[in-house]
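Peer 1: Need coordinates for the below:
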Amino acid sequence: MFNDHHKEAFERIPDERRERILEIATNEFSSKGYENANINIIARNAGISIGLMYKYFSTKEDLFLTCIARGMEILEHTLEDLMESRDKLLIKAEKLIRAACDLSRKNENYIRLYNELTAEKDSKRAVSLAREIEGRTSRIYITAIAQALASGDVRQDLNPRLFAFFLANLLTTLQFSFTCEYYKERLKIYTGIDTELLNEDEIVNQLLKFIESAFTFEK
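Peer 2: As a prediction, this is how the structure comes out:
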């Protein structure tokens with residue numbers, strides 16, 4: 001889906017310039033939503049002409065999808081490296097939680113963009129994006145949990161697909177809690193502490209205990 005939207009002219013420019021354009025565009029889309037995002041503002045903030053912007057991207061949607069594709073690359077690279085290791089599932093889970101925290105700090109705009117996608121009002125685009133994004137990441141989670149089940153590493157009465165869904169939801173909510181205002185406030189209500197003041201190690205340890213009880217406790 002997304003490869004068709006990567007323009008040859010855009011791929012030829014220096015990496016630093018390409019990343020800057022995508023960072024600025026992602027910030028615009030994540031803060032204003034797709035409909036209200038303005039490609040003229042993106043071009044101006046990136047320091048390029050609108051004509052050059054349209055040389056790189058024929059439409060606003062092209063730019064939007066390229067931003068999403070970049071976010072997916074970052075996420076998939078992290079997930080594949082972690083989930084394809086020979087570590088036991090709970091060790092992978094700890095590394096995943098820490099990676100989720102790290103991604104939230106280093107790629108805040110992409111996490112906010114993902115949150116914006118969950119509120120996508122165009123039903124056709126929403127379904128298409130969900131299938132593309134979640135379809136690819138879900139396979140990684142499902143495969144890792146199914147392998148752990150087959151090796152006897154986790155409780156034997158679990159459903160790999162449902163547990164993958166639950167685990168992904170936990171990690172997604174955690175990332176939103178570091179980057180999105182509604183979720184930041186939600187976390188503060190539950191913990192009584194601002195997100196910026198929370199001890200990350202405590203978050204990791206407590207969430208890992210929660211996951212461990214789900215994956216290993218059996219009647």
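Peer 1: quick one: the helix or strand where E94 lies to chain centroid distance?
Peer 2: E94 belongs to helix 89-106 when assigned by DSSP states H and E. Helix 89-106 has its C-alpha centroid displaced from the chain centroid by 12 Å (C-alpha atoms, centre = their mean, to the nearest Å).
Peer 1: do stretch 35-52 as well
Peer 2: Using C-alpha atoms, centre = their mean, the offset of stretch 35-52 from its chain centre is 24 Å.
Peer 1: okay, how far is it across it, tip to tip?
Peer 2: 21 Å (C-alpha to C-alpha, to the nearest Å).
Peer 1: Can you mark which positions in stretch 156-168 are buried?
Peer 2: Judged by neighbour count using 16 or more other C-beta atoms under 10 Å, the buried positions of stretch 156-168 are L158, P160, F163, A164, L167, A168. Placement of C-beta: from N, CA and C, glycine included.
Peer 1: which outside residues touch that stretch?
Peer 2: For stretch 156-168, contacts defined as C-beta atoms under 8 Å, 6 or more residues apart in numbering pick out 93, 137-138, 141-142, 144-146, 149, 211, 214-215, 218.
Peer 1: Restricting the selection to alpha carbons, write stretch 85-100 to CSV.
Peer 2: Provided in CSV are the C-alpha atoms of stretch 85-100 (Å, rounded to 0.1, in the frame of the first residue of the first chain):
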residue,chain,number,x,y,z
SER,A,85,15.2,-13.5,19.7
ARG,A,86,15.5,-16.8,21.6
ASP,A,87,14.6,-15.1,24.9
LYS,A,88,11.7,-16.5,26.9
LEU,A,89,8.5,-14.5,26.4
LEU,A,90,8.6,-12.7,29.7
ILE,A,91,12.1,-11.4,29.0
LYS,A,92,10.8,-10.3,25.6
ALA,A,93,7.9,-8.6,27.3
GLU,A,94,10.2,-6.6,29.6
LYS,A,95,12.3,-5.5,26.6
LEU,A,96,9.1,-4.6,24.8
ILE,A,97,7.9,-2.4,27.7
ARG,A,98,11.3,-0.6,27.9
ALA,A,99,11.3,-0.2,24.1
ALA,A,100,7.8,1.3,24.2
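Peer 1: any idea of the mean pLDDT in it?
Peer 2: In this model, stretch 85-100 has an average pLDDT of 91.
Peer 1: and if you look at stretch 149-159?
Peer 2: Here the average pLDDT along stretch 149-159 is 93.
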